[in-house]
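Colleague: Any chance you can model this:
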Amino acid sequence: MKKHKVKIPEGYEIENTSTTAPPTSITINLKPIKKELPKTWKEFINIKGRFHCNLQTKSNCLPNEFTALYKLTKLRDYYNDKWEPDWTNNQAEYTIHICDNAIQKGSIRNESHVLAFKNPDLRDEFLSNFRDLIETAKPLL
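Modeller: Now for the predicted structure:
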């Protein structure tokens with residue numbers, strides 16, 4: 001029997017394998033690795049030893065709104081996994097934004113928002129997990 005090396009693409013793992021009888025072929029099924037997303041700021045800073053600067057030290061106190069906005073942008077970037085919106089392509093981007101002092105979610109075209117996500121599920125999970133930070137940062141959003 002010949003041996004072959006198979007490189008598994010980054011972000012995938014083997015779900016299962018099957019062989020034919022006699023073993024003339026092998027089928028390998030891959031599934032995407034589900035990235036565990038943090039549900040709190042503390043979980044986020046503990047992921048892979050991630051460092052964050054202390055925004056509220058005695059020598060450098062920022063208003064709560066700025067601290068919350070900083071945290072939201074770091075969390076948004078982690079949730080989006082290197083994806084960035086393209087506000088020029090006329091495609092809907094999934095956003096969390098403020099309208100009439102209320103937190104809204106939607107799909108927006110050609111109008112940039114700080115909290116934009118690559119799909120509606122990520123946006124909804126982010127809103128569910130970080131509504132308190134969004135409320136605090138509301139004046140800046």
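Colleague: where along the chain do the strands fall?
Modeller: Remark: strands assigned in the chain by DSSP state E are 12-19, 26-32, 56-57, 60-61, 93-99, 102-108, 115-117.
Colleague: and of those strands, who's closest to Thr67?
Modeller: Each of these has some distance to Thr67 by Cβ to Cβ; the shortest is strand 56-57, at 6.2 Å. Every residue, glycine included, has its C-beta placed from N, CA and C.
Colleague: ok, the residue lying closest to Gln91 once chain neighbours are set aside - contacts?
Modeller: Take Gln91 and drop its neighbours on the chain: the residue closest to it by Cβ to Cβ, 6 or more residues apart in numbering is Arg109, 6.9 Å away. Arg109 makes contacts with 90-93, as judged by Cβ atoms under 8 Å, 6 or more residues apart in numbering.
Colleague: ranges for the helices of this structure?
Modeller: Counting by DSSP state H, one finds helices in the chain at the ranges 41-46, 64-80, 120-137.
Colleague: Any idea how many residues pack against Leu72?
Modeller: By the other Cβ atoms under 10 Å criterion, the neighbourhood of Leu72 contains 22 residues.
Colleague: ok, back up a step: and of the strands of the chain, who's closest to Leu69?
Modeller: strand 115-117 (9.8 Å).
Colleague: Over the closest one, what's the mean pLDDT, rounded is fine.
Modeller: For strand 115-117, mean pLDDT rounds to 96.
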